[in-house]
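Participant: Compute the structure for the input listed below.
(2 chains)
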Amino acid sequence: GAVVSQHPSWVICKSGTSVKIECRSLDFQATTMFWYRQFPKQSLMLMATSNEGSKATYEQGVEKDKFLINHASLTLSTLTVTSAHPEDSSFYICSASRDSSTQETQYFGPGTRLLVL
Amino acid sequence: AQKITQTQPGMFVQEKEAVTLDCTYDTSDPSYGLFWYKQPSSGEMIFLIYQGSYDQQNATEGRYSLNFQKARKSANLVISASQLGDSAMYFCAMRGNSGGSNYKLTFGKGTLLTVNP
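Facilitator: Below is the predicted model:
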């Protein structure tokens, strides 16, 4: 149980286009989903926290107008990178929690590698 | 604020031997959870083990055990009988319950473990 999927796994796009990444919890309802960004050989950096039916909470320094997050249901959250530029090239990974207790782990999706040309 | 420190950028271990990956943390939360994740080169984050701040016993999961020393604020991961497939990046993470934190995970910088045959 507790499987999270992400789609697409790879995306290559031209500079200036928008890219949408989907994160789905397949066998549980996720009260909260998280979006991370990871550069090569670095740790995960939290971008935003997404709660179903409400606006996402963005971390300091993350542009909310550039990284649009929609948590439309308890099983789906989407991240849209608008007007992507080469510096947005990175590994984006989502996670989901079944509840908010401290002992509940986050279950991670397999990640999406974005390359902006 | 929460902080996780992993002082070992890289570690080497011989196959079938045990290895300890260090993790120290800092938090003002009275209740918190400590997690270890494994990230192979494919990028997915695999949950390994959890330790609660009020747990009296050290957590164990198969070949993984957590050496939890609360007074020293350390949560080292011990992998016994290392296998070639254990070669990966390992992240220590903490989840607190500070109000408004959305129970976010704070990650360390990671330790790259290489298992030699």
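Participant: and whatever residue of chain B ends up closest to chain A, what is it in contact with?
Facilitator: In chain B, no residue comes nearer to chain A than residue B:45, which is 3.7 Å away by CB to the nearest CB. C-beta here means a position set from N, CA and C on the backbone, and glycine is covered the same way. Residue B:45 sits next to A:44, A:93, A:95, A:108, A:111, B:37-39, B:91 when contact means CB atoms under 8 Å, 6 or more residues apart in numbering or on different chains.
Participant: Would you quantify the distance from the most centrally placed residue in chain A to residue A:71?
Facilitator: Central residue of chain A (CA atoms, centre = their mean): residue A:35, 3.3 Å from the mean position. Using CB to CB, to the nearest Å, residue A:35 is found at 10 Å from residue A:71.
Participant: can you tell me which of the contacts of residue B:45 lies nearest to residue B:72?
Facilitator: For the contacts of residue B:45, the minimum distance to residue B:72 (CB to CB) is 20.0 Å, reached by residue B:91.
Participant: Which per-residue confidence value corresponds to the closest residue to residue B:104 other than its chain neighbours?
Facilitator: Nearest non-adjacent residue to residue B:104, counting by CB to CB, 6 or more residues apart in numbering or on different chains: residue A:46, 6.0 Å away. Here, the pLDDT recorded for residue A:46 equals 93.
Participant: tally of neighbours for residue A:46?
Facilitator: 19 (other CB atoms under 10 Å in any protein chain shown).
Participant: Looks to me like residue B:68 is in a strand.
Facilitator: Yes. Counting by DSSP: H, G, I helix; E, B strand; the rest coil, residue B:68 is found in a strand.
Participant: Show me what counts as buried in stretch B:16-35.
Facilitator: B:19, B:21-25, B:27, B:29, B:32-35 (16 or more other CB atoms under 10 Å in any protein chain shown).
Participant: okay, among those, which ones form the most distant pair?
Facilitator: The farthest-apart pair in the buried residues of stretch B:16-35, when distances are taken by CB to CB, is B:19 and B:29, at 29.2 Å.
Participant: quick one: residue B:67 from residue A:41, how far?
Facilitator: Counting by CB to CB, the gap from residue B:67 to residue A:41 is 26 Å.
Participant: Going by how many neighbours each has, rank these two and give me the top one.
Facilitator: With neighbours defined as other CB under 10 Å, residue B:67 and residue A:41 compare such that residue B:67 has more, 15 against 10.
Participant: From the rest of the structure, what touches the helix-or-strand element of chain B with minimal mean pLDDT?
Facilitator: Within chain B, no helix or strand scores below strand B:105-107, which has a mean of 91 by mean pLDDT, DSSP states H and E. With CB under 8 Å, 6+ apart as the contact definition, strand B:105-107 has outside contacts at A:34, A:43-44, A:46, A:95, A:106, B:2-4, B:35, B:91-96.
Participant: next one: stretch A:56-66
Facilitator: Residues contacting stretch A:56-66 (CB under 8 Å, 6+ apart): A:45-51, A:67, A:69, A:71, A:81-83, B:102.
Participant: How about exporting it as CSV, limited to the C-alpha atoms?
Facilitator: Extracted in CSV, the C-alpha atoms of stretch A:56-66 (Å, rounded to 0.1, in the frame of the first residue of the first chain):
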residue,chain,number,x,y,z
ALA,A,56,-0.8,25.8,-1.6
THR,A,57,1.6,27.1,0.9
TYR,A,58,4.9,28.1,-0.8
GLU,A,59,8.3,28.1,0.8
GLN,A,60,10.2,31.3,1.0
GLY,A,61,11.9,32.1,-2.3
VAL,A,62,9.6,30.0,-4.5
GLU,A,63,7.6,32.0,-7.0
LYS,A,64,4.0,31.0,-6.7
ASP,A,65,3.1,32.5,-10.1
LYS,A,66,5.8,30.4,-11.8
